[in-house]
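Peer 1: Just the structure for this:
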Amino acid sequence: MRLFLAVLLSLALAVTALPASMAVAQDQTQRPLEKGPASEPAEDPATPAWLQRTQDSLAEILAKQLVGDVPQADQDVEGANAPQDSHIQAEPDASASDADLPPMHRCDRLAGAPRDPYAVVRGVAFTAIDAAAAVPACEEAINAHPDALRFAFQLARALQAAERYEEAAQWYTAAADGGYPVAMNNLGTLYRFGRGVPQSDQDAFYWYSRAAHAKNPHGMANLGSLYRRGNGVPQDHAQAVRWYRQAADMGEPFAMRMLGQHYAYGLGVDTDAREAARWYRQAALAGDVAAMSDLAWFYSDGIGLPEDEGEAAHWYKTAGDLGSASAKRKLAWMILNGRGVPQDDEKAARLYLEAANAASPGAMAALAALYTEGRGVEKDPVAAAHWYRRSAEAGFGDGMAEFALLLDKGQGVEADPAAAADWAFQALRAGSYIAQARLQSGAGSEAFKDTLLKRLQAEGVVGDDVGDLATAIDLIVQRQQR
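Peer 2: Down below sits the predicted model:
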């Protein structure tokens, strides 16, 4: 039966519903080490000194990759940032030899993938797909060429952009069963995140494996990620490195960055800062935005290459210009402190505001600190409280700590010692160093401190025999240092 009729029949039979206060002088942000995978070392006595000094920074990067939003269809499981003009020419699969037969159609321009080796145009990034225009155009194309795997894939891509996941899965399956490698990869991603199909790491592994063996670099990189984390397959860092390296050799920027992380941590390979820096640099030059920030961090701390804060600022700026809120925040800190760039309070404040508006909790807290001090902006207690609250509500531990103290004092916000104690408790639970330091120094009203101590006792954090908050905080800090 022809491809078009087969998919229409499968769609007709489908019955599943559609898934529906920070010190300005130092950049000591709270980093979510606990959110990383259990396989990543949190503190290893054998870890090299250079890695120990910067472990929090790498943990922040890992956490973003592993707990972030579901990536787009033709990106990697953990979100590669390939430039649109980076076109990898994979060796065509014989079973997909009809892919280049149909003439160019509007569907190609509206839904073609930038790095599909069978594409006849440069393609469009997934986030830039106009689903309202692409879906009917690709339906028209597949009606005219019912056996064209290219159009089946592009229709699936347009449907996914429209969040019509079940239909997208049906068309990806049709193209993948016909031997279209990038469709295999994208179908694997749907299974990985349970979009339009039941969530299944095993099925994701199956489709990523098929894509990888069909020489699709995304499939190779995604297969490496499953091995890295032990999803759908026993964890095997050596296998992860093997597949990342094959993808990197085909020009996949995300895989280059992941090789950098494996060399930085010594996962599946010997720890090698220079090799990590080399891979970060290759990934950054290939357009991977996260790798640009990694490379900036290595330059800033002199890890694996000569320390150069000017280069660090350059790469943070490049990443920030490409949309990284974290990179903007770090560049703002460098500008605020004159590190590698001319010192400029107002410019730093503007960058913090941009990053805060792009949902960076650390930037929100930093901006609040500037409003508290009147540095680069007019002093404004209400604005400071606003941004500390935003930071706290976004889960940033240091922001919680600072907002708690403002609530207790009624500075820029109505005083509420009980609510302040609740925010302080959450800050301590998040491991905020700012919370620990402020509370150890005796900050807060007696009502606030008494309420917080009782909360710590009620939650079993400290015993009922602990008589004051300072002692309770000392005990918490001592436990963390063991």
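Peer 1: which stretches of the stretch 51-200 of the chain have low pLDDT?
Peer 2: 51-101 (pLDDT under 70).
Peer 1: change it to 50
Peer 2: 51-100 (pLDDT under 50).
Peer 1: ok, which stretches of it are helices?
Peer 2: Along the stretch 51-200 of the chain, counting by DSSP state H, counting those that start in this stretch, helices occupy 55-67, 106-111, 131-144, 149-161, 165-177, 181-193.
Peer 1: Any idea which of the ones you listed gets closest to residue 264?
Peer 2: helix 55-67 (6.2 Å; Cβ to Cβ). Where you see a C-beta, it was placed from the backbone N, CA and C, and this is true even at glycine.
Peer 1: tell me which element residue 442 falls in.
Peer 2: Using DSSP states H and E, residue 442 sits within no helix or strand.
Peer 1: Nearest residue to it in space, please, no chain neighbours.
Peer 2: Nearest residue to residue 442 in three dimensions, chain neighbours excluded: residue 470, at 6.3 Å (Cβ to Cβ, 6 or more residues apart in numbering).
Peer 1: Pretty sure residue 438 is one of the things the one you found touches, is it not?
Peer 2: No: using Cβ atoms under 8 Å, residue 470 makes no contact with residue 438, being 11.1 Å away.
Peer 1: These two: who's more crowded?
Peer 2: Higher neighbour count among residue 470 and residue 438: residue 438, with 21 against 15, using other Cβ atoms under 10 Å.
Peer 1: and the helix or strand hosting that one, what other elements does it pack with?
Peer 2: Element membership for residue 438 (DSSP H and E) is helix 433-440. Using 3 or more Cβ pairs under 8 Å, 6 or more residues apart in numbering; DSSP states H and E, the elements in contact with helix 433-440 are helix 397-409, helix 417-429, helix 469-481.
Peer 1: what's the most buried one of these?
Peer 2: helix 397-409 (a mean of 28; mean count of other Cβ atoms under 10 Å).
Peer 1: Quickly note the distance from residue 162 to residue 432.
Peer 2: Note on residue 162: its distance to residue 432, by Cβ to Cβ, to the nearest Å, is 41 Å.
Peer 1: let me redo that: residue 292
Peer 2: Counting by Cβ to Cβ, the gap from residue 292 to residue 432 is 28 Å.
Peer 1: Same check on residue 210?
Peer 2: Distance, residue 210 to residue 432, using Cβ to Cβ: 46 Å.
Peer 1: what's the answer for residue 165, then?
Peer 2: From residue 165 across to residue 432, the span is 38 Å (Cβ to Cβ).
Peer 1: Residue 328 too?
Peer 2: Distance from residue 328 to residue 432, by Cβ to Cβ: 22 Å.
Peer 1: Which pLDDT value goes with residue 17?
Peer 2: Model confidence at residue 17, given as pLDDT, is 31.
Peer 1: same deal with the one 4 residues further on?
Peer 2: In this model, residue 21 is scored at 32, pLDDT.
Peer 1: circling back to that earlier point, residue 292 and residue 432: which has the busier surroundings?
Peer 2: residue 292 (28 against 24).
Peer 1: name the element the more buried one belongs to?
Peer 2: helix 289-301.
Peer 1: can you check residue 450 too?
Peer 2: Assigned by DSSP H and E, residue 450 falls in helix 446-458.
Peer 1: hang on, the earlier thing: convert the C-alpha atoms of the helix holding residue 292 to PDB, please.
Peer 2: Coordinates of each C-alpha in helix 289-301 appear next as PDB, following Å, rounded to 0.1, in the frame of the first residue of the first chain:
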ATOM      1  CA  VAL A 289      26.100  28.300  22.300                       C
ATOM      2  CA  ALA A 290      26.600  26.300  25.600                       C
ATOM      3  CA  ALA A 291      30.100  25.400  24.500                       C
ATOM      4  CA  MET A 292      30.900  29.100  24.100                       C
ATOM      5  CA  SER A 293      30.100  29.600  27.700                       C
ATOM      6  CA  ASP A 294      32.100  26.500  28.700                       C
ATOM      7  CA  LEU A 295      35.100  27.900  26.700                       C
ATOM      8  CA  ALA A 296      34.700  31.300  28.300                       C
ATOM      9  CA  TRP A 297      34.800  29.700  31.700                       C
ATOM     10  CA  PHE A 298      38.000  27.800  30.800                       C
ATOM     11  CA  TYR A 299      39.600  31.000  29.600                       C
ATOM     12  CA  SER A 300      38.400  32.800  32.700                       C
ATOM     13  CA  ASP A 301      39.900  30.300  35.100                       C
END
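Peer 1: All set, thanks.
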